[in-house]
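Peer 1: Sequence and predicted structure are below.
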Amino acid sequence: MSRYPLLDSVAAPQQIHHFSLVQMEQLAQEVRDFIIASVSETGGHFSSNLGTVELTVGLMHHFDFLVDRIVWDVGHQAYPFKILTGRKDRFSTLRKHNGLSGFLKREESPYDHFGAGHASTSISAALGMAKARDLTGQDYACVAVIGDGSMTAGMAFEGLNQAGFLETRKFMVILNDNDMSINPNVGSLQGYLNQMISGQYYNRWRDRIEHAIKTIPVASVSRRLAKAAKWSEESFKRIAVPGLLFEDLGFRYIGPVNGHDVAAVLRALREAKERMAEGPVLLHVQTQKGHGYDPAVKDPLKWHGVTAFDRESGEIIKPAPDPAKPAPPSYTAVFGNTLTELARRDEKIVGITAAMLDGTGLNLFQKAHPARCFDVGIAEQHAVTFAAGLACQGLRPVAAIYSTFLQRGFDQVLHDVCLQNLPVTFAMDRGGIVGADGPTHHGLYDLAYLRCMPNLILMAPKDENELRRMLFTAIYSNRPAALRYPRGNALGVPLEDPVTALPIGKGELLREGRDLLLVAVGTLVASATALAERLAGEGLDCAVINARFIKPLDEQLIGQWARHTRAVVALEEGCAPGGFTGAIAEFLADQGIARPLLRCAVPDHIVHHGDHARLLDEEGLSPRALYDRVKAFAAELRP
C-alpha cells in the first residue's frame with residue numbers, strides 16, 4: 001500500500017481544484033511526509049520547505065498555474081510546488097548531476113515561470129508579468145511569494161512601490177513570514193511585522209468602518225464631514241496596525257493568517273482573489289520554519305540546508321572520521337577565527353554580513369565581539385555602502401559575503417568603495433564551483449567583475465595559511481581589497497602565528513622549469529604543482545608560480561619565467577572571459593611576450609548543478625582533465 005495515496009493520485013495540480021478540505025489537509029500531510037523522507041536521502045533545503053506546504057496546497061486549489069503566474073522568491077521554499085507540479089517521481093535526483101534543480105528553472109517545468117536563486121526578486125518579476133498581461137490583453141493572475149527574510153531587501157520595496165502606484169489589478173504578494181532567512185531576521189521591519197500580529201482584528205474593524213462611511217447619505221453630509229470620516233478611518237488604521245505600511249503603499253492588506261491551518265489559508269486566498277480585481281493585494285501568512293519535523297523546528301538554522309539524515313533520530317549522516325587523519329578546518333572557519341583573532345588586537349576591525357552569519361563564519365566573530373558585528377539582512381548593496389561609511393570614519397570594515405551574492409552590490413563596490421579608495425575588505429566565501437546549488441550560486445564571476453575595479457587589490461589563497469595572511473594584508477593595506485576562497489575543507493597546512501602580511505602584488509615561485517610555465521591562482525595552485533610533478537616524470541620540465549594576486553599581477557616574476565620557458569599555461573577556477581587567465585593573456589600581449597598560451601578556466605557557458613569533482617572534470621579543471629589538456633598542448637609545441 002502506498003505511503004502517499006492521495007499524493008500519488010495527483011497526476012496534475014488542476015485536480016486539487018476539486019478537493020475537499022479534508023482531502024487538502026491529507027494532501028498537505030502527505031507532501032510534508034514525502035519531503036522529510038526524500039530530503040533525508042538526497043539532502044537539500046529543508047526547514048523552509050516544510051513551512052510552505054499548506055500555503056502551496058491552498059494556492060493550487062485556487063489558481064491554475066499553467067494559466068496564472070507564480071514567482072517564488074529565492075526558490076528554496078518551492079519543493080512542495082515542485083512535487084505537486086509533476087516532479088515527484090524525479091525527486092530522488094534533487095540537486096544531483098542532470099537531476100532536478102534545488103531552485104526554480106524555467107527550462108525544467110512549464111510551471112516554473114521565473115528562475116530564482118537570489119533573494120527579493122519575486123515582486124518585481126511578477127509585476128513585470130502583470131503589466132505584460134495588461135499590454136497584451138490577457139487576463140491571468142500574478143502571484144509573488146516572498147519570505148524567508150527576502151522582504152528585508154530594498155528591491156522588494158522598489159517592486160511594492162511601483163505595484164501600488166500602478167494600482168495593478170489581479171496582482172498579489174504573499175508574505176511568508178517565518179521570522180527567518182537563514183539566520184533569524186534582523187531590522188526594524190521584522191519588529192513591524194510582529195506588531196501587525198497584535199493587530200489581527202484590524203481587517204474586521206476596517207470593513208465595518210468602510211461600511212459605515214458608505215451608508216451615510218451623500219446629500220446629507222458636508223464635504224468637511226466626509227473628510228473627517230476618512231480621517232477617522234486613517235487614524236484607526238494606525239492604532240490597529242502601527243503604520244500600516246503596505247496599505248500606505250497602495251496594497252489591500254489581508255492577515256496575518258496561520259499558514260498551517262488549511263481552512264484559514266483557503267479563506268484568506270478566497271478573499272484575496274476577490275480583492276485582486278480591485279487592485280494589488282498583500283496577504284500576510286505566518287508560517288513556522290521546519291513545521292512538522294521537531295528537530296527542524298527546534299533548530300531551523302541547522303536544518304535550513306542539510307545533507308542526508310536519519311529521519312527517525314534526526315541525526316545528520318556524516319562519513320566516519322579517520323582518527324589517523326583528522327579533517328582539516330574549513331576555509332570558512334579559518335576566516336572566522338582569524339578575523340576574531342585580529343579583532344582582539346585591533347578595536348577598529350568590524351565585521352559585516354548579509355543574513356549569513358554562520359555561512360560566512362562571522363558567528364565566531366559575533367560571539368567574541370558582538371558590538372562590532374553587523375548582520376544587515378538580505379541587503380548586500382546596503383552592506384557594501386554601510387562598510388564604506390564605517391571606513392570613512394577610520395574603522396577597518398570586513399564585509400563577509402558569498403561570491404555569488406556580492407554580485408548584487410557591484411555598483412556600490414565601484415562607486416562607494418573603489419572610486420573613493422576606501423579601506424574596505426571583501427571576504428568572498430564560496431569562490432569557484434559550489435556544486436549542488438548550481439548556476440545561481442557558483443562563485444565563478446568575482447575575479448572578472450572585480451578585476452576592472454580601480455584601486456582594488458584582488459587575491460586568492462592557495463591554502464588556509466595564505467588565507468590568513470591575505471586577510472591581514474587586506475585589512476592593513478589602507479585600500480579596497482578582496483580575497484576569494486572556496487567552500488569546504490582547507491588543505492591542512494600549518495598556520496603561522498602570529499600572522500604576517502604579504503608583499504602586495506608579489507607572487508610565489510614554487511618550482512623552476514624550462515619547458516612550460518604553469519601560473520595558477522587559488523584552488524588550482526595545488527593542481528598545478530601536482531601536475532608539474534607528474535609531467536616531470538615524463539620528461540616535461542614545468543615552472544610553477546602561485547600568482548596570489550590577480551590584481552596587481554606580479555608582472556616581473558611572471559614575465560621573467562614566461563620568457564624563460566617555451567609556453568605558458570594559466571589556471572583558475574573561474575570564468576575565462578575577463579578573469580585571471582584573461583589577465584595573463586593581456587599581460588603577455590602588452591609586454592610583447594610571444595609565447596603560446598593555454599587558458600584553463602570555465603568557458604563562457606552556464607555551469608549546472610552537480611557533484612563538485614564531476615563538474616570540475618566537465619569544465620576541464622580536474623587533475624585528470626588538466627593532465628590531458630596540458631600534455632596535448634605541449635605535444636603541439638614546436639621543438
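Peer 2: Noted; the coordinates are in hand. Just so you know, these numbers come straight off a predicted model, no measurement behind them.

Peer 1: confidence score at F246?
Peer 2: You'll see F246 listed with a pLDDT of 85.

Peer 1: Count the residues that sit near it.
Peer 2: Applying other Cβ atoms under 10 Å, we find 23 residues neighbouring F246. All C-beta spots, glycine's among them, are computed from the backbone N, C-alpha and C.

Peer 1: Is it in contact with L160, as I believe?
Peer 2: Yes. Applying Cβ atoms under 8 Å, one finds F246 in contact with L160, separated by 7.3 Å.

Peer 1: list residues touching both of the two?
Peer 2: Here F246 and L160 have L282 as joint contacts, going by Cβ atoms under 8 Å, 6 or more residues apart in numbering.

Peer 1: mind listing what's buried in the longest strand seen in the chain?
Peer 2: As assigned by DSSP state E, the longest strand anywhere in the chain is strand 567-575. By neighbour count with 16 or more other Cβ atoms under 10 Å, strand 567-575 contains the buried residues A567, V568, V569, A570, L571, E572, E573, G574, C575.

Peer 1: what's near enough to touch D64?
Peer 2: Each residue near D64 by Cβ under 8 Å, 6+ apart is listed here: P13, Q14, H17.

Peer 1: so can I have a markdown table of the residues you listed showing secondary structure and pLDDT?
Peer 2: Converted to a markdown table, the contacts of D64 look like this (DSSP: H, G, I helix; E, B strand; the rest coil; pLDDT from 0 to 100):
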| residue | secondary structure | pLDDT |
| --- | --- | --- |
| P13 | helix | 94 |
| Q14 | helix | 95 |
| H17 | helix | 94 |
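
Peer 1: of the residues you listed, closest to I545?
Peer 2: Ranked by distance to I545 (Cβ to Cβ), the contacts of D64 are led by P13 at 56.5 Å.

Peer 1: So what's the residue count around that closest one?
Peer 2: Considering only other Cβ under 10 Å, P13 is surrounded by 22 other residues.

Peer 1: cool, and A589?
Peer 2: Counted with other Cβ under 10 Å, the neighbours of A589 add up to 11.

Peer 1: what's the spacing between it and R430?
Peer 2: 32 Å (Cβ to Cβ, to the nearest Å).

Peer 1: packing partners for the longest strand of the chain?
Peer 2: Packing partners of strand 567-575 (3 or more Cβ pairs under 8 Å, 6 or more residues apart in numbering; DSSP states H and E): helix 446-451, strand 516-520, helix 524-536, helix 580-590, strand 597-602, helix 623-635.

Peer 1: Try it again at 10 Å.
Peer 2: In terms of contacts (3 or more Cβ pairs under 10 Å, 6 or more residues apart in numbering; DSSP states H and E), strand 567-575 is packed against helix 446-451, strand 516-520, helix 524-536, strand 542-546, helix 555-564, helix 580-590, strand 597-602, helix 623-635.

Peer 1: Do I have it right that M151 meets N176?
Peer 2: Yes. With contact defined as Cβ atoms under 10 Å, M151 and N176 form a contacting pair (9.1 Å).

Peer 1: list residues touching both of these two?
Peer 2: D73 (Cβ atoms under 10 Å, 6 or more residues apart in numbering).

Peer 1: For the stretch 1-150 of the chain, which residues score under the pLDDT cut-off?
Peer 2: Residue ranges of the stretch 1-150 of the chain with pLDDT under 70: 148.

Peer 1: This structure - how does it break down into domains?
Peer 2: For the chain, the structural domains run 5-199+241-298, 202-240, 331-484, 508-635, going by automatic domain parsing.

Peer 1: and among the ones you listed, the most buried is which?
Peer 2: domain 331-484 (a mean of 22; mean count of other Cβ atoms under 10 Å).

Peer 1: residues touching the residue nearest to G99 when sequence neighbours are not counted, list them.
Peer 2: What sits nearest to G99 in space, not counting adjacent residues and going by Cβ to Cβ, 6 or more residues apart in numbering, is T93, at 2.7 Å. Counting by Cβ under 10 Å, 6+ apart, T93 touches T42, R87, G99, L100, S101.

Peer 1: same check, this time on A156
Peer 2: 73, 119-124, 144, 146, 150, 173, 175, 189, 378-379.

Peer 1: Send me the one helix or strand P256 maps to as CSV with only the CA atoms.
Peer 2: Applying DSSP states H and E as the criterion places P256 in strand 252-258. Written as CSV, here are the backbone C-alpha positions of strand 252-258 (Å, rounded to 0.1, in the frame of the first residue of the first chain):
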residue,chain,number,x,y,z
ARG,A,252,-5.0,45.9,0.3
TYR,A,253,-3.6,44.1,3.4
ILE,A,254,-5.1,40.8,4.5
GLY,A,255,-3.8,38.9,7.5
PRO,A,256,-1.9,37.8,9.4
VAL,A,257,-3.1,34.2,8.7
ASN,A,258,-2.0,31.0,10.3
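
Peer 1: That strand packs against which elements?
Peer 2: helix 53-62, strand 171-177, helix 188-197, helix 202-215, helix 245-248, helix 262-275, strand 281-286.

Peer 1: That one - which strands sit beside it in the sheet, and in what orientation?
Peer 2: Sheet partners assigned to strand 252-258 using DSSP bridges are listed as strand 281-286 (parallel).

Peer 1: Would you mind checking the average pLDDT for the helix or strand just after the partner strand?
Peer 2: Of the helices and strands lying after strand 281-286 in sequence (DSSP H and E), the nearest is helix 294-298. For helix 294-298, the mean pLDDT works out to 89.

Peer 1: Only alpha carbons, please: show the longest strand of the chain as PDB.
Peer 2: What follows is strand 567-575, C-alpha atoms only, in PDB (Å, rounded to 0.1, in the frame of the first residue of the first chain):
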ATOM      1  CA  ALA A 567      54.900  28.300 -23.400                       C
ATOM      2  CA  VAL A 568      52.500  29.400 -20.700                       C
ATOM      3  CA  VAL A 569      49.500  27.600 -19.000                       C
ATOM      4  CA  ALA A 570      47.200  29.800 -16.900                       C
ATOM      5  CA  LEU A 571      44.800  28.100 -14.400                       C
ATOM      6  CA  GLU A 572      41.900  29.400 -12.400                       C
ATOM      7  CA  GLU A 573      38.600  28.100 -11.000                       C
ATOM      8  CA  GLY A 574      36.600  31.000 -12.500                       C
ATOM      9  CA  CYS A 575      35.100  32.200 -15.800                       C
END
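
Peer 1: now the angle from that strand to helix 580-590?
Peer 2: Angle, strand 567-575 to helix 580-590, by axes from the mean of the first three to the mean of the last three Cα atoms, to 10 degrees: 140 degrees.

Peer 1: picking that back up, and the contacts of T93, which is closest to A490?
Peer 2: Of the contacts of T93, the one sitting nearest to A490 (Cβ to Cβ) turns out to be T42, at 26.6 Å.

Peer 1: looking at it, that closest one is touching G305, isn't it?
Peer 2: No. With contact defined as Cβ under 10 Å, T42 does not reach G305; the gap is 11.7 Å.

Peer 1: intersection of neighbour lists for those two?
Peer 2: With Cβ under 10 Å, 6+ apart as the test, T42 and G305 both reach R95, G102, A436.

Peer 1: measure the residue nearest to the last one when sequence neighbours are not counted to F587 for me?
Peer 2: Put plainly, it is A436. The shortest distance from A436 to any non-neighbouring residue, by Cβ to Cβ, 6+ apart, is to R95 (3.9 Å). Plainly put, R95 is 39 Å away from F587 if you go by Cβ to Cβ.
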